[in-house]
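**Student:** Sharing a sequence plus its predicted fold:
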Amino acid sequence: MRKSIATVSLSGSLPEKLTAVAAAGFDGVEIFENDLIAAPLGPGDIRDRAADLGLTIDLYQPFRDFESTSEKALAGSLRRAERKFEVMEQLGADLLLVCSSTSPDAPEDDDLTAAQLRLLAERAGAHGIRIAYEALAWGRRVNTYDHAWRIVEAADHPALGTCLDSFHILSRGSDPGGIEDIPGEKIFFLQLADAPLMAMDVLQWSRHYRCFPGQGGFDVAGLAARAVRAGYRGPLSLEVFNDVFRQADAGRTAVDAMRSLLSLEESAGIASPPAPVVPSGVAFAELAAADTEPLRALLGALGFARTGRHTGKPVELWEQGEARVLLNAAGADRREGPALAALGLETPDPAAAVRRAESLLAPVLPRRRAPRDAQLDAVAAPDGTELFFCRTGRPGHPDWRTDFTDDPGAPDGGGPGAAHGVTRIDHVALTQPWHHFDEASLFYRSVLGLRPDESMDLADPYGLFRSRAVANSGGTLRIALNVAPGPGGRETRPQHVALATGDIVATARRVRERGGALLPVPGNYYNDLDARYDFPPGDLDTLRELDILYDRDEYGEFYHCYTATVGRVFFELVQRTGGYRGYGAANATVRLAAQHTAELRAGTAR
Ligand SMILES: O=C(O)c1ccc(O)c(O)c1
Ligand SMILES: [Mg+2]
């Protein structure tokens, strides 16, 4: 279907917004009145600019508080409308959105409202303009879509129809089922927005927290499917009031928006892009550092062994069990020090994964080009992490491991058998720039077919720590997306790799014996654990001795501890028992505080 977006959803001036919208592949825009009023170009110039960019102007909005009990106010509204019709004629827009009145002066009865809207439709019709009447969730009297539709039906004028807005419908908990009873040709416009589920005033919720479909908690695709079943054939149009998007780069937000609509079309059964190819696990985590020595020491203490060297690049392969880490001595950002630069994702069909990624506008990266390198396809995640699609050890597929020669003589050699009990990578945590958080969760959900958990907000010593995990259905691939503030409002961007062990006590002991430092956890934490849980004698002492944190959910238990941070990277050791599903979020505040303390002590606080 045609795709549009309201200019209110993006940052910048109106011409900048139009450029971003066109570049992302939209067909049209809703022009938000304030954007036009503040624009440096007149309506005729905006019309030309949009046409040059291949965009239609699908809606002009909003016209507020039209209906009124006072004759004088109504006359004023009609005069105001005539002026707007002139603007719309210059813009080349033929649909005006009228939202239900929020004024105490709104008529008390539907017949009066219908008669007034009919009058407006007659005036509009004379200009070749149509009116779409939308119920705002906080409208004075008309605040549900079915009420707005009853009034439109009663007014019975060909130039009057209704505008459905998923936010207003779903935020009030209205049953969207009634949409299918509205004749499709009377649905003049469909605005789509999602939002996180929150218990708050609906106006504030709408004006500040809307997000693109697939980023929040509403079934927006299901609602769109109903409109299409009703016979709606107009554009799918995003109308997202969001404080973060208002500040973010418009071009990037527009691509995020388009990805949302492409994914919604798939969920609604309107289009079928190439199916998602869900990764089955982490093939490798690649750490980049100008000086790899501190990471080598850390991996050695963790029980990893260097098992290979890249044939053409300064890259080493370190393994323990099925956990594989690449150390890349080239390409690290020197300012930030060692960082998690790439992930290899074990994928049943890499070529199909790339087709999926391309169809959802994920930036596909040029293949690694050295003549002997395995041909691996990669895409860039929103935070810049490179995601490589791998099929390790399968005949007929390029195997990244063939780029590495065996390295049995390495100082920490002895192969993966010399392990401390680490079996695999449990999860990877990627810290997102805060204004790309929603974009990231939609990216992993739509491009890779991963399932997002609920988003969690926790108090951090220096602000808000927000976390949302995405995972495949078996839990064999888990990525935690975090936003973490730093002192003075600066963003800190630590990334970490969590390693699974079947016996965290034994593993942590061996790490200590090999000189690995574990993050010190305050004694208060263990006193609180003691108050909350009744551990068998001695167990709590062991946790305290090894700085191991503890959590449990209805499925099982979780034990975890952390290494020191090197540059932007640290490791976590985790032991899950009995199907525990989470990531120890209950302990995140303690961990963050302990890391800040450690940074201050080491004088590395940024
Ligand atoms: O918040 C508002 O005022 C507003 C205006 C126009 C809309 O279409 C809408 O959904 C909300
Ligand atoms: Mg709306």
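**Tutor:** All right, it came through fine. Numbering: from 1, shown residues only. Ligands and ions are numbered 1, 2, ... in the order given.

**Student:** Quick one: the strands in the stretch 101-250 of the chain, in order.
**Tutor:** For the stretch 101-250 of the chain, the strands defined by DSSP state E, counting those that start in this stretch occupy 130-134, 160-165, 187-192, 236-238.

**Student:** packing partners for the next helix or strand after the last one?
**Tutor:** So that's strand 236-238. Later in the chain than strand 236-238, the nearest helix or strand by DSSP states H and E is helix 250-267. Packed against helix 250-267 by the contact rule (3 or more CB pairs under 8 Å, 6 or more residues apart in numbering; DSSP states H and E) you find strand 3-6, helix 14-23, helix 220-230, strand 236-238, helix 437-448. C-betas here are computed from N, CA, C, even on glycine.

**Student:** any idea how far L41 is from A23?
**Tutor:** Computed as CB to CB, to the nearest Å, the A23 to L41 distance reads 18 Å.

**Student:** wait, does stretch 118-135 make contact with ligand 1?
**Tutor:** Yes. Stretch 118-135 lies within reach of ligand 1 by CB under 6 Å from any ligand atom, at E134.

**Student:** Pull the distance from that stretch to the chain's centre.
**Tutor:** 38 Å (CA atoms, centre = their mean, to the nearest Å).

**Student:** and the end-to-end length of that stretch?
**Tutor:** 16 Å (CA to CA, to the nearest Å).

**Student:** list the buried ones in it?
**Tutor:** Neighbour-count burial for stretch 118-135 flags 118-121, 123-124, 127, 129-135 (criterion: 16 or more other CB atoms under 10 Å).

**Student:** Farthest pair within these?
**Tutor:** Spatially, the most separated pair among those is H127 and A135, at 24.5 Å (CB to CB).

**Student:** Go ahead and confirm T113 touches H147.
**Tutor:** No. Using CB atoms under 8 Å, T113 is not in contact with H147, being 9.6 Å away.

**Student:** Next one: W400 from L376, what distance?
**Tutor:** W400 is 6 Å from L376, by CB to CB.

**Student:** Spit out the residues that contact the two alike.
**Tutor:** In terms of CB atoms under 8 Å, 6 or more residues apart in numbering, W400 and L376 are both contacted by the residues 344, 388, 390.

**Student:** Tell me the helices and strands packed up against the helix or strand the second one falls within.
**Tutor:** In this case it means F388. For F388, the host element (DSSP H and E) is strand 386-390. If you count contacts as 3+ CB pairs under 8 Å, 6+ apart, strand 386-390 packs onto strand 281-288, strand 339-346, helix 350-359, strand 377-380.

**Student:** residues in contact with stretch 45-61?
**Tutor:** Taking CB under 8 Å, 6+ apart as the rule, stretch 45-61 contacts 2, 4, 6, 14-15, 18-19, 21-22, 26-33, 36, 39, 41, 84, 87-88, 90-93, 95-97, 99, 132, 189, 234-235, 237.

**Student:** Does stretch 91-108 reach ligand 1?
**Tutor:** Yes. Residues of stretch 91-108 contacting ligand 1 under CB under 6 Å from any ligand atom: 97, 99.

**Student:** give me the number of residues near the nearest residue in space to N242 that is not next to it in sequence?
**Tutor:** Nearest residue to N242 in three dimensions, chain neighbours excluded: R210, at 5.4 Å (CB to CB, 6 or more residues apart in numbering). Neighbour count of R210, defined by other CB atoms under 10 Å: 28.

**Student:** What's the separation between the residue of the stretch 451-600 of the chain found nearest ligand 2 and N587?
**Tutor:** Going by CB to the ion, ligand 2 is nearest to S455 of the stretch 451-600 of the chain, at 23.8 Å. With the distance defined as CB to CB, S455 ends up 18 Å from N587.

**Student:** cool, and F443?
**Tutor:** Taken as CB to CB, the span from F443 to N587 is 27 Å.

**Student:** Got phi/psi on the residue in the chain positioned nearest to ligand 1?
**Tutor:** Residue nearest to ligand 1 within the chain: P62 (3.7 Å; CB to the nearest ligand atom). Per-residue torsions, P62: phi -100, psi 160 (degrees, to the nearest 10).

**Student:** coming back round to it: in the shared contacts of W400 and L376, which residue is surrounded by the most others?
**Tutor:** C390 (28 neighbours).

**Student:** Can you tell me the closest non-neighbouring residue to that one?
**Tutor:** A283 (4.0 Å).

**Student:** Check whether that neighbour really touches R324, as I assumed.
**Tutor:** Yes. A283 is within contact range of R324, at 6.8 Å (criterion: CB under 8 Å).

**Student:** ok, the nearest residue to L117 once chain neighbours are set aside - how many residues close by?
**Tutor:** Closest residue to L117 apart from its sequence neighbours, by CB to CB, 6+ apart: A155 at 4.8 Å. Neighbours of A155 under the rule other CB under 10 Å: 23.

**Student:** Now for L197: which residues touch it?
**Tutor:** Per CB under 8 Å, 6+ apart, neighbours of L197: 216-218.

**Student:** between those residues, which is nearest ligand 2?
**Tutor:** The nearest one, if we look at these relative to ligand 2 and count by CB to the ion, is F218, at 13.8 Å.

**Student:** sorry, back to before: would you list the shared contacts of W400 and L376 in TSV and tack on pLDDT?
**Tutor:** Putting these into TSV (pLDDT from 0 to 100) gives the following:
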residue	pLDDT
G344	96
F388	95
C390	92
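
**Student:** Show me how the protein divides into domains.
**Tutor:** 3-267, 281-605 (automatic domain parsing).

**Student:** and the ones you listed, which is most packed in?
**Tutor:** Most buried of the domains of the chain, by mean neighbour count (mean count of other CB atoms under 10 Å): domain 3-267, with a mean of 20.

**Student:** I'd like the mean pLDDT over that one, please.
**Tutor:** Domain 3-267 carries an average pLDDT of 97.

**Student:** if you look at that domain, does any of it touch ligand 2?
**Tutor:** Yes. Contact of domain 3-267 with ligand 2 (CB under 5 Å from the ion) involves 165, 191, 239.
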